[in-house]
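Undergrad: fold the following and give me the result.
(2 chains)
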Number of protein chains: 2
Amino acid sequence: MSIGIVSPQVMHFAEPLPLQSGAKLADYALTYETYGALNADKSNAVLVCHALNASHHVAGVYQDEPDNVGWWDNMVGPGKALDTDKFFVIGVNNLGSCFGSTGPMHTNPATGKPYGADFPVVTVEDWVNAQALLADQLGIRQFAAVMGGSLGGMQALAWSMMFPDRLRHCLVIASTPRLSAQNIAFNDVARQAILADPDFHGGDFYAHGVVPKNGLRVARMVGHITYLSDDDMAEKFGRDLRSGSYQFGFGIDFEIESYLRYQGDKFSTYFDANTYLLITKALDYFDPAEKFGGDLAQAFACTKAQFLLVSFTTDWRFSPERSREMVQALVKNRSRVSYAEIDAPHGHDAFLLDDSRYMKVVGEYYQRIWQEMPKPSATGEQA
Amino acid sequence: MSIGIVSPQVMHFAEPLPLQSGAKLADYALTYETYGALNADKSNAVLVCHALNASHHVAGVYQDEPDNVGWWDNMVGPGKALDTDKFFVIGVNNLGSCFGSTGPMHTNPATGKPYGADFPVVTVEDWVNAQALLADQLGIRQFAAVMGGSLGGMQALAWSMMFPDRLRHCLVIASTPRLSAQNIAFNDVARQAILADPDFHGGDFYAHGVVPKNGLRVARMVGHITYLSDDDMAEKFGRDLRSGSYQFGFGIDFEIESYLRYQGDKFSTYFDANTYLLITKALDYFDPAEKFGGDLAQAFACTKAQFLLVSFTTDWRFSPERSREMVQALVKNRSRVSYAEIDAPHGHDAFLLDDSRYMKVVGEYYQRIWQEMPKPSATGEQA
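TA: Predicted coordinates for the structure are as follows:
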């Protein structure tokens, strides 16, 4: 069952947010949604962190947009793996996004004009700091769990290291403790395509009334290839021709071209180019083991959460090997960690898709979280 | 030992070349080089076919360009795997290229202006037909071997099927009988980057005195990622920073970014954008098994050559699996086929690099070709 109709909320913050870069973000707001009810002792809150192309809109639909279904609606809802009959779930849009929270298209209070290229580069750690301030405002001292897939998984990892006392469980799906050179390379191709688009205008395209569509389109096309598995692409598209024969030109011959160009075109109509640049940089920069000489076990040494990690066999963007590296580091630290490697054909995208084994693993893990929840004392005292 | 100083030659063809698209290419020329000496019965000729970013300049250097070393100089030369003391080696530039043979920047006799976007789309089979006409002119009825890597390997394969009597051996290195959907997808990203560059001017950028540098740069960057293995990139670049710390901007942070942008910049100074589009289409279209319902053994059934196939374990562009598929089809046909899978870390690029096991396999195969060469009759009669 879907959670039904939901509404985003906005929290303003007057105190400037110090960023990892040394800059400060003044006068910012976070857009978020909540599903389910916070219990009396505020112990059933779960924070869901989003990846590149997503937002606070995790589940449900909007009153006036019945087709705008949350990106993890198959995971979050009444009776679902993350059961909103039991848990109070928060989805929060990250800073720099183009979906609600303060981002490059918003007014820079210092200039009165849109931030554009002046929006500060933000990191996963900056996002987590902002999420923690939101949790403060909502009166949530400790999350039952922080959960995310891909870039969202990086945020869950950062939570476990930055605020060890503020989460009991950390769920990290299809993620990695750091990007590889190849991951960074693909991100840079996307950035160069955007930066080279004459309609980008150095990031200030808002003032010109244009959008760097061509750059965004190429960026999305190359990104999309890395989300799908080679086999899945072969299965879905193979060498199928759009019109049955070669066209001997540079239009569309193959179905895969048609599909990717469509995805790129669609993306370019709704995604902000500055946001794309910012989010790929946040991905590139995340590397919590770096200050420990690459020793992930040392980076995790401060964590107190219990972990669930899930990876997917055909994910070549963040392969199971990356999750296994994290599992090994956690085991070395004698942390409590569960790990599932799901044999799924859909590549990186699998973390967003329905798969009964995947949902079962996550659902049973949340069952355990629920069973281990601190129960209100017999005297009925509550905070 | 290197072959030393070499000189390109040009062969003009007055008779129009009928193309697979139905178009005809009138008044064209092929640029080629030869190394070693053709024996009296013309039985020691080897044709070397080039891949995307290469040409007829297979080995040696030019008198006035001592640093311009042929792209397979490590393979072809006196005493090398393809020994020019024994074999007469021909490198030929393909139609549509920007390195000598008739291509988009040459004058279209129909208009008196550069072809640009009007240069016809050419296929691997078209190239092979043109190569066969060159062989006719050189008086070579049958090659001792036709050899190529990657896209060059496709041409060798096409030779074995189109002209079964005109080659005794077919050497196919790091190649594939067809592109996968993922391969096509990467090619289309590159094409879209070029087509979207305002300096492309619909292919007629010559008249505008500009070059679509940004598009070519992105095209090369994405291509280059697919030539290297993930592991090799990790080994060479990892997450090394250009200046020791994050820059919190969109310049260069990581060495891999610096490397790829440099490769892209360099490529955009010498490679023609129309040629890039044409060559990626030739790659996409090659699929000799298609007319046999995908049955590669049937496609190969007409071949008479003996085969050597070589693949490299970390090549994820044209993985060993693709070569194994060809080997199995040849074995099914009871063709004579040798196959080596080289455990090399360098991805697809390995076919261009020195590796003693790789060179040994190819060198010993050519030794066998040499030993099996038809010997002049005892009476000294020669053609």
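
Undergrad: same question for the host helix or strand of A:Tyr32, mean pLDDT?
TA: If you go by DSSP states H and E, A:Tyr32 is part of strand A:28-35. The pLDDT scores in strand A:28-35 average 98.

Undergrad: CA atoms only: put it into CSV for me.
TA: Coordinates of the C-alpha atoms in strand A:28-35 are reproduced here as CSV (Å, rounded to 0.1, in the frame of the first residue of the first chain):
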residue,chain,number,x,y,z
TYR,A,28,19.4,28.5,3.9
ALA,A,29,16.4,26.2,4.0
LEU,A,30,15.9,22.5,3.8
THR,A,31,12.9,20.9,2.1
TYR,A,32,11.8,17.6,3.6
GLU,A,33,8.9,15.2,3.9
THR,A,34,7.8,12.9,6.7
TYR,A,35,5.8,9.7,6.6
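
Undergrad: quick check: bridge partners of the residue nearest to A:Asn129 when sequence neighbours are not counted?
TA: In space, and not counting its chain neighbours, A:Asn129 is closest to A:Leu17: 6.6 Å by CB to CB, 6 or more residues apart in numbering or on different chains. For glycine as for every other residue, the C-beta is placed from the backbone atoms N, C-alpha and C. Note on A:Leu17: beta-bridge partners by DSSP bridges are A:Leu25.

Undergrad: so what's A:Leu17 up against?
TA: Counting by CB atoms under 8 Å, 6 or more residues apart in numbering or on different chains, A:Leu17 touches A:24-25, A:28, A:95, A:126, A:129-130, A:133.

Undergrad: in a markdown table: the residues you listed, plus distance to A:Ala301 and neighbour count.
TA: Shown next, in a markdown table, are the contacts of A:Leu17 (distance: CB to CB, whole Å; neighbours: other CB atoms under 10 Å in any protein chain shown):
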| residue | distance to A:Ala301 | neighbour count |
| --- | --- | --- |
| A:Lys24 | 30 | 12 |
| A:Leu25 | 30 | 20 |
| A:Tyr28 | 32 | 21 |
| A:Leu95 | 28 | 25 |
| A:Asp126 | 23 | 24 |
| A:Asn129 | 21 | 19 |
| A:Ala130 | 25 | 23 |
| A:Leu133 | 25 | 16 |
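
Undergrad: ok, so of these, who is nearest chain B?
TA: A:Asp126 (10.6 Å; CB to the nearest CB).

Undergrad: could you list the low-pLDDT ranges of the stretch 251-383 of chain A?
TA: Scanning the stretch 251-383 of chain A for pLDDT under 70 picks out the ranges A:376-383.

Undergrad: picking that back up, what is the strand holding A:Tyr32 packed up against?
TA: Helices and strands touching strand A:28-35, by 3 or more CB pairs under 8 Å, 6 or more residues apart in numbering or on different chains; DSSP states H and E, are strand A:9-13, strand A:88-92, helix A:124-137.

Undergrad: ok, back up a step: against chain B, how distant is the residue nearest to A:Asn129?
TA: 15 Å (CB to the nearest CB, to the nearest Å).

Undergrad: helices of the stretch 251-383 of chain A, residue ranges please.
TA: Taking DSSP state H, counting those that start in this stretch as the test, the helices found in the stretch 251-383 of chain A are A:255-270, A:273-285, A:296-300, A:320-332, A:356-371.

Undergrad: report the angle between the axes of the first one and helix B:273-285?
TA: If I follow you right, that is helix A:255-270. Here helix A:255-270 runs at an angle of 130 degrees relative to helix B:273-285 (axes from the mean of the first three to the mean of the last three CA atoms, to 10 degrees).

Undergrad: anything in helix A:255-270 near chain B?
TA: Yes: with CB under 8 Å from any CB of the partner chain as the criterion, chain B is reached by helix A:255-270 at A:256-257, A:260-261, A:264.

Undergrad: what sits against A:Phe318?
TA: Going by CB under 8 Å, 6+ apart, A:Phe318 touches A:150, A:174-176, A:183, A:311, A:348.

Undergrad: sorry, back to before: B:Trp159: which of the helices of the stretch 251-383 of chain A is closest?
TA: B:Trp159 lies closest to helix A:255-270 among the helices of the stretch 251-383 of chain A, at 28.3 Å (CB to CB).

Undergrad: related to what we said a few turns ago, could you list the paired strands of the strand holding A:Tyr32 along with their orientation?
TA: Applying DSSP bridges, you get strand A:9-13 (antiparallel), strand A:88-92 (antiparallel) as the partners of strand A:28-35.

Undergrad: which bits of the stretch 101-250 of chain A sit near chain B?
TA: By CB under 8 Å from any CB, the part of the stretch 101-250 of chain A that sits against chain B consists of A:120-121, A:178-182, A:184-186, A:188-189, A:191-193, A:195-198, A:214-215, A:217-218, A:221-222, A:225, A:228, A:230, A:233-234, A:236-239, A:246, A:248-250.

Undergrad: taking the residues you listed one by one, which sit in helices?
TA: Counting by DSSP state H, those place A:181-182, A:184-186, A:188-189, A:191-193, A:195-196, A:214-215, A:217-218, A:221-222, A:225, A:230, A:233-234, A:236 in helices.

Undergrad: so A:Gly203 touches A:Val121, yeah?
TA: No: contact status for A:Gly203 versus A:Val121: not in contact, 11.9 Å apart, counting by CB atoms under 8 Å.

Undergrad: figure out which of the strands paired with strand A:28-35 is closest to A:Thr107.
TA: For A:Thr107, the closest of those is strand A:9-13, at 13.5 Å, according to CB to CB.

Undergrad: re the thing from before, which one (most neighbours) among the contacts of A:Phe318?
TA: A:Ala174 (31 neighbours; other CB atoms under 10 Å in any protein chain shown).

Undergrad: how about that one: what's its closest non-neighbour residue?
TA: Counting by CB to CB, 6+ apart, A:Phe351 is the residue found nearest to A:Ala174 once chain neighbours are left out, at 3.8 Å.

Undergrad: state the distance from that neighbour to chain B.
TA: Distance from A:Phe351 to chain B, by CB to the nearest CB: 20 Å.

Undergrad: what residues are up against that residue?
TA: Residues in contact with A:Phe351, defined by CB under 8 Å, 6+ apart, are A:149-150, A:173-174, A:310, A:312, A:315, A:358.

Undergrad: for A:Ser229, same thing?
TA: By CB under 8 Å, 6+ apart, the residues touching A:Ser229 are A:314-316, A:345-347.

Undergrad: list the buried residues of stretch A:42-57.
TA: Residues of stretch A:42-57 classed as buried under the neighbour-count rule (16 or more other CB atoms under 10 Å in any protein chain shown) are A:42-57.

Undergrad: which one of those sits closest to chain B?
TA: Using CB to the nearest CB, the buried residues of stretch A:42-57 come closest to chain B at A:Leu52, 16.3 Å.

Undergrad: out of the helices and strands packed on strand A:28-35, which one sits most buried?
TA: Comparing the helices and strands packed on strand A:28-35 by mean neighbour count (mean count of other CB atoms under 10 Å in any protein chain shown), strand A:88-92 ranks first with a mean of 26.
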